[in-house]
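Chemist: I would like the atomic coordinates for the input below:
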Amino acid sequence: MRKPATIERLYLDFDGFFASVEQQARPALRGKPVGVVPFASTTYTCVIACSKEAKRCGVTAIMPVLEAKRICPDIVLVPQNPDLYRRAHHALLAEISTVIPIDAVKSIDELTCRLDPADRSAPNALARRIKARLRDNIGPYITCTIGFAANRQLAKMAGKVNKPDGVTIWHPADMPAPLFKVSLQGVPGIGKRMVDRLYDAGIFTMSDLWETQPKQLRQIWGNVTGERLWYALHGYDIQAPAAGRGMFGHGRVLPPDHRDIWHAHECSRLLLVKAARRMRRDGFNAGHLWLWLSMRSTQWSGGVPLPIVHDDQACLAGLEILWAKARLEVPKGTKIIRLGVTLLDLSPASERQLDMFVNDDVTRKRWERVTTAVDFLNAKYGKTIVSLGPWTPPPGGYAGGKISYTRIPRAEDFW
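Modeler: Now for the predicted structure:
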């Protein structure tokens, strides 16, 4: 296992990405405290992103809107626009790529690059070139913070030190002193539950974590992730194996006036069709469908097997089975706050093995041809003009196009 003697990685994190993109796109928001919210015209939700002006007032992400208004009365609340953020993401990546090749896109607002020998010797100059390129060709309101270190993990941690719009360099020769200034919660991959497990093991500070052994962290984590973290924190060039595709799914928080079972059912149909579209584009079939519903004080979930399919008719037929069960088990009048659908048990479409007890090959192929024709028409016109059943997106207009930490939506996700 190799331990670099110099910095080899850059990690770039855009500052308050959603809010800063809104400020760049809408001059009226510039210089004002901005909070991005899931829906317009409701106070019973939370701020999902905020500008640096709002942060200076004490507003944080995932803060209730009422609390944000209390501590920052001048905050301007803006409903989210995921397609705008997607387009900004690709524009920013195009500009950065003219300065340095991008090694991996980690999320909508984070990426990492490998440094060549010239950039390793002059990281500050590289950071200035990247920032100048973004400022001159995109605009000055979308800023980024950059960290340099021996590996990706340390570079990401370094990039959190001088936000916003900062640059931090952790040379291997200076380690681990800078690391000891970071709390356990400041380590990517260590959440509240893991902090509790570390406390139970007598590990309370970064210094304690540093003094552990690889096998000890492997035991605490319960898998090889803990061991990989130990080597990463000690400066080794650790590369986790690429994860295979395990599922396709979408979730959605319902607007306050759409939290009845009828609207939840209609929203789940849209989410499932969009998940099935993605699955077909990537060349998979599904053998299982899962539906989950979140209420204020309880949850409901259920699954149903699918006969190794990818067409809309088969997926929607499975969904109706689940909703029939949900209507019997979820108390009438219960408000459904959030829901999601997931297609599981994936297999490559080129390797489909039919269930000999289902015997639906002829019918299934007909529905697959129908679905292929529907996909072709929608792709040709760049929007959903044909669908199985009604197509009535809920307020907010981003069903299936939500930006998550693990996936950047494509343009067709917003049709």
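Chemist: pretty sure Gly246 contacts Leu343?
Modeler: No: the pair Gly246 / Leu343 is not scored as a contact, 10.2 Å apart, by Cβ atoms under 8 Å. C-beta coordinates here come from the backbone N, C-alpha and C atoms, glycine included.
Chemist: of these two, which one has the most company?
Modeler: Between Gly246 and Leu343, counting by other Cβ atoms under 10 Å, Leu343 is the more crowded of the two (26 against 10).
Chemist: tell me the bridge partners for that one.
Modeler: Phe248, Leu289 (DSSP bridges).
Chemist: give me the pLDDT for it.
Modeler: pLDDT for Leu343: 95.
Chemist: ditto for Phe376
Modeler: Note for Phe376: predicted pLDDT of 89.
Chemist: in whatever helix or strand it lives in, what's buried?
Modeler: Counting by DSSP states H and E, the element that carries Phe376 is helix 361-381. Buried positions in helix 361-381, judged by neighbour count with 16 or more other Cβ atoms under 10 Å: Arg364, Trp367, Glu368, Thr371, Val374, Asp375, Asn378.
Chemist: can you pull the contacts of the fifth one?
Modeler: Counting by Cβ atoms under 8 Å, 6 or more residues apart in numbering, Val374 touches Asp312, Val386, Ser387, Leu388.
Chemist: do the third one as well
Modeler: The contact partners of Glu368, by Cβ under 8 Å, 6+ apart, come to His310, Asp311.
Chemist: ok, 7 Å please
Modeler: Glu368 makes contact with Asp311 under the criterion Cβ atoms under 7 Å, 6 or more residues apart in numbering.
Chemist: pull the number of nearby residues for Pro178.
Modeler: 17.
Chemist: need the pLDDT of the residue nearest to it when sequence neighbours are not counted.
Modeler: Of all residues not flanking Pro178 in the chain, Trp170 sits nearest, at 5.2 Å (Cβ to Cβ, 6 or more residues apart in numbering). Looking at Trp170, its pLDDT is 96.
Chemist: what does the one 5 residues further on give?
Modeler: At Met175 the predicted local confidence, pLDDT, stands at 93.
Chemist: residue contacts, it?
Modeler: Residues near Met175 by Cβ under 7 Å, 6+ apart: Gly235.
Chemist: for it, grab phi and psi.
Modeler: Dihedral angles phi and psi of Met175 (degrees, to the nearest 10) take the values phi -80, psi 150.
Chemist: what about it, distance to Gly159?
Modeler: Per Cβ to Cβ, to the nearest Å, Met175 is found 15 Å from Gly159.
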